[in-house]
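Visitor: I'd like to go over a predicted model; first the sequence, then the structure.
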Number of protein chains: 2
Amino acid sequence: MSTKMDFQLDRTLEILRATPATLRALLADLSDPWIRCDEGPDSWTPYDIVGHLIHGEKTDWIGRMRIILEHGELRTFTPFDRFAQFQESRGKTLAELLDTFEAMRKENLRTLEAMNLTPEQMNLTGTHPELGQVTLRQLLATWTVHDLGHIAQIARVMAKGYSHQVGPWGAYLSVLRDRS
Amino acid sequence: MSTKMDFQLDRTLEILRATPATLRALLADLSDPWIRCDEGPDSWTPYDIVGHLIHGEKTDWIGRMRIILEHGELRTFTPFDRFAQFQESRGKTLAELLDTFEAMRKENLRTLEAMNLTPEQMNLTGTHPELGQVTLRQLLATWTVHDLGHIAQIARVMAKGYSHQVGPWGAYLSVLRDRS
């Protein structure tokens, strides 16, 4: 059983603020083979994942928070397009995507902080098109876990790029066997 | 089948150089509950993992490269202590550990670059105490994958800290089910 943390908005913001710089430190100075490696057919590259995170900033998190605050459960969230990045990132360099993500995240966190959410508002509910009733707290926790999940994914995908280079050490490197 | 990358020393260095700043961006501004969360009994916290990476810088990678270059297969590597960090990190802040890791990694990469390794030297072999014959190339690729695996682990462990906060979204957040 892993550690169970209480939800706190301040702690949530710590992770959400850190993600743009984490992605930049991890990816900005890498050559193309790292950025373009994947885990097999229909899997995502680090480049794809940054585009996916941008699409979330544009259309998902803050938009859904607004729907909860303004319409509660009456207005179902717009479904999130998990493949939008394949169109939207086209022709852009990774450096451009990292800049865009950083700018949008900064703006979204300003918006979030300006909402001055109270602990009571965290219990407000909305309607997810597939999952049904969800709370504002769950939405914010999901934004956080979504960031961390994709950071883990990027590191895992790149690790697998060298899976055929580690020889017998592969036995100890369990990241090479995650999701495969 | 994931992308198979060729081994190139330059590409390897890109990852090894990026890790200190990645860990700093991911962890430096987080409050203690994130740094101290784990995946259950005998699992490691982000704090423990940074200590483990420091121990690798001190005793593993460069030391083993030197053994290969100087003694080939004749001298078996010293076994790596996977639990040394529980002693060595004691009483230190995460900020101190991040500084130590950055300094040691920088020094080790200077040492590595001063070795001016040739492609032929990458095929030199050494003896691992459990795995037997390994090459210098495999050692360098393993150093790289080891970094990425632990970055993925840190992100995964922290994601699980909020696993009880995401409600029905847990169904979509597969990072919460990795290694559990």
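Guide: Received, thanks.
Visitor: Now for residue A:99: which residues touch it?
Guide: Residue A:99 makes no contacts at all, as judged by Cβ atoms under 8 Å, 6 or more residues apart in numbering or on different chains. All C-beta atoms are positioned from the backbone trio N, CA, C, and that covers glycine.
Visitor: and the gap between it and residue B:83?
Guide: 42 Å (Cβ to Cβ, to the nearest Å).
Visitor: Repeat that for residue A:142.
Guide: Applying Cβ to Cβ to residue A:142 and residue B:83 gives a distance of 35 Å.
Visitor: same deal with residue A:86?
Guide: In terms of Cβ to Cβ, residue A:86 sits 44 Å off from residue B:83.
Visitor: next one: residue A:164
Guide: 30 Å.
Visitor: Look at these two and report which has more neighbours.
Guide: residue A:164 (16 against 12; other Cβ atoms under 10 Å in any protein chain shown).
Visitor: which strands and helices sit next to the lowest-mean-pLDDT helix or strand in chain A?
Guide: Ranked by mean pLDDT, DSSP states H and E, the weakest helix or strand in chain A is helix A:85-88, scoring a mean of 90. Judged by 3 or more Cβ pairs under 8 Å, 6 or more residues apart in numbering or on different chains; DSSP states H and E, helix A:85-88 is in contact with helix A:46-59.
Visitor: Recalculate using a threshold of 10 Å.
Guide: Packing contacts for helix A:85-88, counted by 3 or more Cβ pairs under 10 Å, 6 or more residues apart in numbering or on different chains; DSSP states H and E, involve helix A:46-59, helix A:94-114.
Visitor: the inter-axis angle of the longest helix seen in chain A versus helix A:94-114?
Guide: Ranked by number of residues, the top helix in chain A under DSSP state H is helix A:136-161. With axes from the mean of the first three to the mean of the last three Cα atoms, to 10 degrees defining the directions, helix A:136-161 sits at 160 degrees from helix A:94-114.
Visitor: Who are the packing partners of helix A:136-161?
Guide: helix A:9-27, helix A:32-35, helix A:46-59, helix A:61-71, helix A:94-114, strand A:125-128, helix B:9-27, helix B:136-161.
Visitor: what's the closest non-adjacent residue to residue A:84?
Guide: residue A:55 (4.5 Å; Cβ to Cβ, 6 or more residues apart in numbering or on different chains).
Visitor: check contacts around the nearest residue in space to residue A:139 that is not next to it in sequence.
Guide: Nearest residue to residue A:139 in three dimensions, chain neighbours excluded: residue A:64, at 5.8 Å (Cβ to Cβ, 6+ apart). With contact set as Cβ atoms under 10 Å, 6 or more residues apart in numbering or on different chains, residue A:64 has these partners: A:77-78, A:80, A:126, A:128, A:134, A:136, A:139, A:142-143.
Visitor: Quick check on those: which are buried?
Guide: Among the contacts of residue A:64, those classed as buried by 16 or more other Cβ atoms under 10 Å in any protein chain shown are A:77, A:80, A:126, A:128, A:134, A:136, A:139, A:142-143.
Visitor: re the thing from before, tell me which of the helices and strands packed on helix A:136-161 approaches residue B:68 most closely.
Guide: helix B:136-161 (5.1 Å; Cβ to Cβ).
Visitor: That closest one - what's its average pLDDT?
Guide: Taken as a whole, helix B:136-161 has a mean pLDDT of 98.
Visitor: count of residues packed around residue A:159?
Guide: 26.
Visitor: who are the neighbours in contact with the residue nearest the centre of chain A?
Guide: Centroid check for chain A by Cα atoms, centre = their mean gives residue A:147 as the closest residue, at 3.3 Å. By Cβ under 10 Å, 6+ apart, the contact list for residue A:147 reads A:15-16, A:18-20, A:22-23, A:53, A:56, A:105, B:155, B:158-159.
Visitor: which one of these is nearest residue A:68?
Guide: Using Cβ to Cβ, these come closest to residue A:68 at residue A:56, 16.2 Å.
Visitor: and the closest one, what does it touch?
Guide: A:62-63, A:80, A:82, A:84-85, A:101, A:104-105, A:108, A:143, A:146-147, A:150.
Visitor: Quickly note the distance from it to chain B.
Guide: According to Cβ to the nearest Cβ, to the nearest Å, residue A:56 stands 12 Å off from chain B.
Visitor: do residue A:77 as well
Guide: 12 Å.
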